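# What follows is a protein structure lacking sequence information:
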């Protein structure tokens, strides 16, 4: 396969996982099977490698790590040294100039994205897309507008491959420090009315006949704060009956700020209102079943409803991957999904 540095998402498929990372490849596959995915583009692992090599950062990172570890380093006890090493590497990456050709390519794709969606300076999510599993270790930046800010945040995502946690993971896994097969998804932001996840299996019971849908108003990141309990619905996949609905008293949600995102109070009239109506719940389940059938195994998927569109065009998909499920004690599904959402939205 001839590897490029940047692809449109609709050029990708599951065959590109090692090229652009799992998240980007899966988004491309979802587009191919007809799901509504926000417009966007993907920086490949090659783009990261080009950036590190042309900027001289590869040698610089190796030098920093060698200096810190040559006299020995106990990664479990010397956390202050690990934090210092992480900060030094991340600062070096974030402050380094983007190579001119790479900056030009990113600018051209961002300009193309603005033309596709017809929105000048369209706000984007800049999300990591690892080609190897490093769960929760790289970062995502939301509501980023303008070419220079897109480029600045691309570097921040690359730098997040060197969080303290990620460095410890590499050292314990005997991975080369400069090895970071990380792709990046740059996708337009959805004007979210609500967001959440669905799993096409009840994970703790291993019940393949039921789906669970959870969510909140605003962007999905509200769950990370721990301040809200999401709405939760369990649906029978065979007869599509909503067998259980738990509508929480939601207090906070994450919305666009002037830049980035902010946490705001949910209006009093919405606090006890379901974040999805029944049609939306069942459409999410219907699509989840189709994706499960297509891939041949249960899925966990992130959904967002866009307040600018009417049903069913308002439902967008921003993530899909194989669901993890094991037989556990009954009644643990909600806790499992809350933990899963924390992992998903940290990426």
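Alright, I've got the coordinates. Since we're looking at a predicted model, the values are computed, not measured.
# Sketch out the strands for the stretch 101-250 of the chain, chain order is fine.
124-130, 140-144, 182-188, 192-199, 210-217, 231-236, 242-246 (DSSP state E, counting those that start in this stretch).
# From residue 44, how far out is the nearest residue to residue 131 once chain neighbours are set aside?
Distance criterion Cβ to Cβ, 6 or more residues apart in numbering; nearest residue to residue 131, sequence neighbours excluded, is residue 181 at 3.8 Å. Using the backbone N, CA and C atoms, a C-beta is placed for each residue, glycine as well. Residue 181 sits 10 Å away from residue 44, taking Cβ to Cβ, to the nearest Å as the criterion.
# And these two? Which one has more around it.
A side-by-side neighbour count of residue 181 and residue 44, using other Cβ atoms under 10 Å, places residue 44 first with 26 against 21.
# That one reaches residue 8, doesn't it?
No. At 11.9 Å, residue 44 does not count as touching residue 8 under the criterion of Cβ atoms under 8 Å.
# follow-up on the earlier one: thought the residue nearest to residue 131 was touching residue 47?
No. With contact defined as Cβ under 8 Å, residue 181 does not count as touching residue 47 (11.4 Å).
# Can you list the low-confidence ranges for the stretch 101-250 of the chain?
133-137, 223-227 (pLDDT under 70).
# what about the closest residue to residue 229 other than its chain neighbours, neighbour count?
Spatially, and ignoring its direct neighbours in sequence, residue 229 is nearest to residue 248 (4.1 Å; Cβ to Cβ, 6+ apart). Neighbours of residue 248 under the rule other Cβ under 10 Å: 16.
# same deal with the one 10 residues further on?
Other residues near residue 258 number 6, with proximity taken as other Cβ under 10 Å.
# likewise residue 112?
If you count neighbours by other Cβ under 10 Å, residue 112 ends up with 13.
# cool, residue 15 as well?
Residues lying near residue 15 (other Cβ under 10 Å) number 11.
# ditto for residue 179
Residues contacting residue 179 under the criterion other Cβ under 10 Å number 11.
# Name the nearest residue to it, sequence neighbours excluded.
residue 170 (7.5 Å).
# what pLDDT does the residue of the chain most remote from its centre get?
Distance to the chain centre peaks in the chain at residue 71, reaching 37.2 Å (criterion: Cα atoms, centre = their mean). Listed pLDDT for residue 71 reads 76.
# quick one, what contacts residue 259?
Residue 259 makes contact with 143-145, 149 under the criterion Cβ atoms under 8 Å, 6 or more residues apart in numbering.
# got the buried residues for stretch 186-200?
For stretch 186-200, a neighbour-count test (16 or more other Cβ atoms under 10 Å) marks 186-200 as buried.
# circling back: quick one, which of the strands of the stretch 101-250 of the chain is nearest to residue 162?
The closest of the strands of the stretch 101-250 of the chain to residue 162 is strand 182-188. By Cβ to Cβ, the value is 10.4 Å.
# buried residues in stretch 31-50?
With burial defined by 16+ other Cβ under 10 Å, the residues of stretch 31-50 counted as buried are 31, 35-50.
# So which of the contacts of residue 259 is the closest to residue 22?
Distance to residue 22 across those (Cβ to Cβ) is lowest for residue 144, with 21.7 Å.
# thought the closest one was touching residue 155?
No. Contact criterion Cβ under 8 Å: residue 144 and residue 155 do not qualify, at 11.9 Å.
# how far away is residue 180 from residue 52?
Look at residue 180 and residue 52: by Cβ to Cβ, they are 8 Å apart.
# now residue 284
With distances taken as Cβ to Cβ, residue 284 is found 39 Å from residue 52.
# Counting neighbours, go ahead and name the busier of these two.
Between residue 284 and residue 52, residue 284 has the larger neighbour count (other Cβ under 10 Å), namely 25 against 20.
# Next one, pLDDT for that one please.
Predicted confidence (pLDDT) for residue 284: 98.
# what's near enough to touch it?
Shown in contact with residue 284 (Cβ under 8 Å, 6+ apart): 198, 213, 276, 303, 315.
# One more: residue 249?
229, 271-272.
# need the residues you listed in a markdown table with distance to residue 116, can you?
Listed next are these as a markdown table, based on distance: Cβ to Cβ, whole Å:
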| residue | distance to residue 116 |
| --- | --- |
| 229 | 37 |
| 271 | 37 |
| 272 | 39 |
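# sorry, back to before: for residue 280, state which of the buried residues of stretch 186-200 is nearest.
Of all these, residue 194 has the smallest distance to residue 280: 8.2 Å, by Cβ to Cβ.
# Just grab the bridge partners of that closest one for me.
For residue 194, the beta-bridge assignment (DSSP bridges) gives partners residue 217, residue 305.
# quick one on the thing from earlier: from the buried residues of stretch 31-50, which ones fall inside strands?
40-43 (DSSP state E).
# Looking at the residues you listed, which one is closest to residue 309?
Checking those one by one against residue 309 (Cβ to Cβ), the nearest turns out to be residue 40, at 17.3 Å.
# Skipping adjacent residues, who's closest to the closest one in space?
residue 187 is the one closest to residue 40 (Cβ to Cβ, 6+ apart), at 3.1 Å.
# Quick check: the one you found vs residue 141, distance?
Residue 187 is 12 Å from residue 141, by Cβ to Cβ.
# Spit out the residues that contact those two alike.
125, 127.
# Contacts for the helix or strand that contains residue 19, please.
Taking DSSP states H and E as the definition, residue 19 sits inside helix 17-20. Contacts to helix 17-20, defined as Cβ under 8 Å, 6+ apart, come from residues 1, 3, 7, 12, 25-26, 28, 42-46, 129, 131, 181, 183.
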